[in-house]
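A.B. asks: my questions are about this predicted structure, shown below with the sequence.
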Amino acid sequence: MLEQDALAQARAVHKGEVSPRELVEAAIARIEALDPELNAVVHRRFDKALGELDAIPESAPFRGVPILLKDLGWAQAGEPYNAGSRTLDGVRVLQSGYGVARLREAGFVVLGRTNTPEWGTTITTEPVAFGPTRNPYDPAYSAGGSSGGSAAAVAAGMVAIATASDGGGSIRIPASLCGLVGLKPSRGRVSSGPGMGEGWNGFSCSGFVTRTVRDTAAALDLVAGYEPGDPYVAPALPRPLAEEVGIEPGRLRIGFVTAHPRKDVPASPELVAAVTGAAHLLESLGHDVVEAHPAPLADPAFPLYFGAIVANNVAAEVENVGQWRGRPVDLAELEPRNRAMAEGAARHTAAEQIRATQWTDAFRRRMAAWWGRFDLLLAPSLGVEPFELGWIPEDDLSTALGRTAHAVSFTAPFNATGQPSISLPMHRTPAGLPVGVQLVAAMGREDLLVRVASQVEAARPFEHPAAR
């Protein structure tokens with residue numbers, strides 16, 4: 001039963017083929033069996049989860065379906081919250097986020113919280129506080145970050161769905177490395193409240209990692225929607241995303257890019273193979289597919305401004321964490337990466353922060369113009385091939401930051417623009433490691449992404465051998 005997606009599990013519960021308790025106990029047993037090696041789940045609440053089953057209404061659409069929450073964002077009242085950092089040891093959440101409340105109202109059963117790098121600022125999940133999360137396809141390899149714990153858990157079949165978030169690629173990159181579906185929604189589609197208004201100046205947003213397009217669509221339907229006081233409102237969707245699954249998308253104009261147009265990102269044969277293979281499939285499905293990309297992707301200033309905004313937000317997080325725990329954070333408590341960003345931000349002026357946001361505003365408008373001529377952009381989900389644990393070195397910041405910049409080169413621009421994009425598991429290396437490709441739509445067009453993604457999934461069903 002655990003190898004089925006969340007919608008199939010929910011249907012089995014409602015038909016009486018399995019009880020919520022049986023489903024949850026099976027998920028707990030699988031976590032206990034696999035997690036000693038994978039290290040995906042850092043906080044467990046198994047007894048609480050079992051104790052909550054009887055209170056779930058029979059009418060709840062996902063009654064008894066187990067889920068895991070990323071331990072970054074996705075706050076749940078009464079539960080620990082570390083965000084991958086020792087600085088938050090002992091902190092307990094006072095108020096649940098809107099998204100968590102909606103998931104529980106829908107009947108999902110929260111089994112625990114998943115591993116993430118400290119404060120989610122890198123593309124591999126190897127925090128000092130909890131140790132590395134391993135990829136179910138090869139434990140020597142990274143599961144990605146920052147939603148690496150969630151991705152490893154879903155790929156391994158511990159649960160069918162887990163929450164995630166994405167500030168520079170943190171949904172799409174783990175989805176790529178673990179062979180999953182990962183949709184970064186439009187800015188403002190999912191509220192970050194009530195605890196926050198925005199993350200990383202609006203770069204960050206919340207979503208899920210799943211094994212099927214329909215699970216992603218159904219889950220986003222549950223948590224999407226404006227809440228009073230939110231700083232952004234995404235364009236309204238014509239209907240629930242779940243109703244877009246299987247709908248013919250029509251003949252689309254799709255541009256694709258295999259090598260990064262800035263020319264500073266090393267070319268990768270596996271990424272080229274993944275994108276060209278997906279391009280051929282989309283062409284066979286009746287779409288017009290040509291090699292084309294938005295010219296601003298080549299702008300060498302983008303990494304500089306993006307990095308400055310992230311570093312400034314890390315510095316703000318230092319102050320926030322000090323307030324949450326009741327004593328200031330000493331920078332020596334942080335991992336070298338975050339310490340360096342906080343120290344660098346101290347040299348930035350307020351005017352420089354405003355200029356960076358203004359540059360990003362102009363970048364967003366320049367990028368948006370391309371979608372007047374094309375419907376979708378096809379690109380790699382990750383700017384590098386699958387990599388082993390330790391490839392992002394903790395003690396060599398120059399190498400770590402350079403490799404990270406290459407890795408997010410195809411994802412971070414769409415955090416800056418706020419556009420929706422989805423990673424699909426379309427390729428495997430000769431060693432069997434998953435490689436995802438990314439489809440990017442115009443602002444607010446998650447409906448188009450779901451239509452095309454479900455069309456691709458129907459034509460070439462996604463395989464998840466690690467979940468069996």
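C.D. replies: In hand now; what should we look at?

A.B. asks: any stretches of the protein with poor pLDDT?
C.D. replies: Across the chain, nothing is flagged by pLDDT under 70.

A.B. asks: return the distance of stretch 19-37 from the chain's centre.
C.D. replies: Here stretch 19-37 is found 23 Å from its chain centre; the criterion is CA atoms, centre = their mean, to the nearest Å.

A.B. asks: go ahead and flag the most central residue of this structure.
C.D. replies: The centroid of the chain falls nearest to Ile171 when counting by CA atoms, centre = their mean (1.5 Å).

A.B. asks: from Ile254, how far off is that one?
C.D. replies: As for Ile171, its distance to Ile254 is 21 Å (criterion: CB to CB, to the nearest Å). The way it works is simple: take the backbone N, C-alpha and C, and place the C-beta from them, glycine included.

A.B. asks: hang on, the earlier thing: wait, the residue nearest to the centre of the chain touches Ser423, no?
C.D. replies: Yes: counting by CB atoms under 8 Å, Ile171 touches Ser423, with 7.4 Å between them.

A.B. asks: mutual contacts of those two, please.
C.D. replies: Here Ile171 and Ser423 share the contacting residues Gly182, Leu183, scored by CB atoms under 8 Å, 6 or more residues apart in numbering.

A.B. asks: how near is Pro36 to Val190?
C.D. replies: Counting by CB to CB - Pro36 and Val190 are separated by 33 Å.

A.B. asks: ok, those two, which is more surrounded?
C.D. replies: Val190 (27 against 8; other CB atoms under 10 Å).

A.B. asks: for that one, which non-adjacent residue is closest in space?
C.D. replies: If the residues on either side of it in the chain are set aside, Val190 comes closest to Ser206, at 4.5 Å by CB to CB, 6 or more residues apart in numbering.

A.B. asks: and what of Leu241?
C.D. replies: Spatial nearest neighbour of Leu241, chain neighbours left out: Ala217 (3.8 Å); criterion: CB to CB, 6+ apart.

A.B. asks: which residues does Ile161 contact?
C.D. replies: With CB under 8 Å, 6+ apart, Ile161 has these contacts: Asp5, Ala6, Val65, Ile67, Val154, Phe208, Val209, Thr210, Asp215, Ala219.

A.B. asks: can you pick out the most distant pair from those?
C.D. replies: Val65 and Val209 (14.9 Å; CB to CB).

A.B. asks: flag every buried residue along stretch 217-226.
C.D. replies: Neighbour counts over stretch 217-226 (16 or more other CB atoms under 10 Å) mark Ala217, Ala218, Ala219, Leu220, Asp221, Leu222, Val223, Ala224, Gly225 as buried.

A.B. asks: just the ones of those in helices?
C.D. replies: Ala217, Ala218, Ala219, Leu220, Asp221, Leu222, Val223 (DSSP state H).

A.B. asks: could you pull out the strands for the stretch 151-300 of the chain?
C.D. replies: Counting by DSSP state E, counting those that start in this stretch, the stretch 151-300 of the chain has strands at residues 161-166, 181-184, 205-210, 253-256, 288-291.

A.B. asks: any chance of those in TSV with distance to Glu446 as columns?
C.D. replies: What follows is the strands of the stretch 151-300 of the chain, written out as TSV (distance: least, CB to CB, whole Å):
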stretch	distance to Glu446
strand 161-166	13
strand 181-184	7
strand 205-210	10
strand 253-256	17
strand 288-291	21
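
A.B. asks: so for Val456, which of these sits nearest?
C.D. replies: That would be strand 181-184 among these, by CB to CB, at 10.3 Å.

A.B. asks: which strands and helices lie in contact with that closest one?
C.D. replies: The contact analysis (3 or more CB pairs under 8 Å, 6 or more residues apart in numbering; DSSP states H and E) places strand 181-184 against strand 161-166, helix 172-178, strand 205-210, helix 213-223, strand 421-428, helix 446-459.

A.B. asks: now, of these, which is deepest in the fold?
C.D. replies: Among these, judged by mean count of other CB atoms under 10 Å, the one packed with the most neighbours on average is helix 172-178 (a mean of 35).

A.B. asks: which neighbouring elements make contact with that helix?
C.D. replies: Applying 3+ CB pairs under 8 Å, 6+ apart, we find helix 172-178 packed against helix 148-155, strand 181-184, strand 205-210, strand 421-428, strand 434-441.

A.B. asks: export the lengthiest helix in the chain as CSV, just CAs?
C.D. replies: In the chain, taking DSSP H as the definition, the longest helix is helix 302-325. The C-alpha atoms that make up helix 302-325 are tabulated as CSV, following Å, rounded to 0.1, in the frame of the first residue of the first chain:
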residue,chain,number,x,y,z
PHE,A,302,22.1,37.8,-11.6
PRO,A,303,24.1,35.5,-9.2
LEU,A,304,25.6,38.6,-7.5
TYR,A,305,22.2,40.3,-6.7
PHE,A,306,20.5,37.0,-5.9
GLY,A,307,23.3,36.1,-3.5
ALA,A,308,23.3,39.5,-1.8
ILE,A,309,19.6,39.3,-1.1
VAL,A,310,20.0,35.7,0.3
ALA,A,311,22.9,36.8,2.5
ASN,A,312,21.0,39.7,3.9
ASN,A,313,18.1,37.4,4.8
VAL,A,314,20.5,35.1,6.6
ALA,A,315,21.7,38.1,8.6
ALA,A,316,18.1,38.9,9.5
GLU,A,317,17.6,35.2,10.5
VAL,A,318,20.4,35.5,13.0
GLU,A,319,18.5,38.3,14.7
ASN,A,320,15.2,36.4,14.5
VAL,A,321,16.6,33.2,16.0
GLY,A,322,18.0,35.2,18.8
GLN,A,323,14.6,36.5,19.6
TRP,A,324,12.9,33.2,19.3
ARG,A,325,15.2,31.4,21.7
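
A.B. asks: ok so, going back, how far away is the residue nearest to Val190 from Val13?
C.D. replies: 25 Å.

A.B. asks: OK, contacts around the residue nearest to Leu241?
C.D. replies: Pro240, Leu241, Ala242, Glu244, Val245, Val450, Ser454.

A.B. asks: how many neighbouring residues does the first one have?
C.D. replies: In this case it means Pro240. 16.

A.B. asks: so it makes contact with Asp221?
C.D. replies: Yes: the criterion here is CB under 8 Å, and Pro240 meets it with Asp221 at 4.7 Å.
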